[in-house]
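**Q** Quick one: sequence plus predicted model below, questions after.
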Amino acid sequence: MKKTPPVVLTIAGSDNSCGAGVQADLKTITALGGYAQTAITCVVAEVPGRVSAIQAVRTAIVVEQIRLSLEAFPVAAIKTGMLYSTAIIRAVADELAAMKKVPAACRRSSDGCLQRGFAFASLGDSSLPGMDFSSRDTGHSESG
C-alpha cells in the first residue's frame, strides 16, 4: 500500500525567479516527500540580487487560500515565509489561532528586509498557543 505524503501548507510570497518564496518551498517540500499547498501573500518581481517590485495580495484572498487548504486537505505542517504586511500577519495569525487542530510546526524564514514596516515583529507578538515560531534570520525585528 502506498503511503500518502504529508501535506505542508506554505504561506509566503511568490518569487518569479524561483529561488525563494513559495516556488522554492514547493521544490523543497516535494524533494522531502511532502505534498505542497500554497497561500500567496504577495508577488515579487525579482532576480538574484535585485527586487524591483512587490505587490501584496488582498488580505481576504490570503485568508481564503488558507481556509480552503485547511478544509480540503489534512495539513500536517504550516511554513510561513514573507507575510509582507502587518495586516496579512494579523489575518494569518487569527486564522491559524482559530484552527481546531494545530499543525506540527509554523516557521517564518524569509528575509526581513522584504517585510513591510514593522511587519516582521508582528508575528512574534501574536498569541498562537501550541505553535513553534522560529527564524533562521536574526535582528530583523529591529530593522523594520
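**A** That came through, no problem.

**Q** the longest helix in the protein is where?
**A** As assigned by DSSP state H, the longest helix anywhere in the chain is helix 59-72.

**Q** what comes up buried for that helix?
**A** 59, 62-63, 65-66, 69-70 (16 or more other CB atoms under 10 Å). For glycine as for every other residue, the C-beta is placed from the backbone atoms N, C-alpha and C.

**Q** I'd like to know which of those residues is nearest to residue 82.
**A** Using CB to CB, residue 62 comes nearest to residue 82 of the buried residues of helix 59-72, at 11.7 Å.

**Q** what pLDDT does the closest one get?
**A** For residue 62, the pLDDT comes out at 98.

**Q** That one and residue 88 touch, don't they?
**A** Yes - between residue 62 and residue 88 there is a contact under CB atoms under 8 Å: 5.6 Å.

**Q** still on that earlier bit, please tabulate the buried residues of helix 59-72 in JSON lines, including the columns distance to residue 53.
**A** Listed next are the buried residues of helix 59-72 as JSON lines, based on distance: CB to CB, whole Å:
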{"residue": "59", "distance to residue 53": "19"}
{"residue": "62", "distance to residue 53": "18"}
{"residue": "63", "distance to residue 53": "23"}
{"residue": "65", "distance to residue 53": "21"}
{"residue": "66", "distance to residue 53": "24"}
{"residue": "69", "distance to residue 53": "27"}
{"residue": "70", "distance to residue 53": "30"}
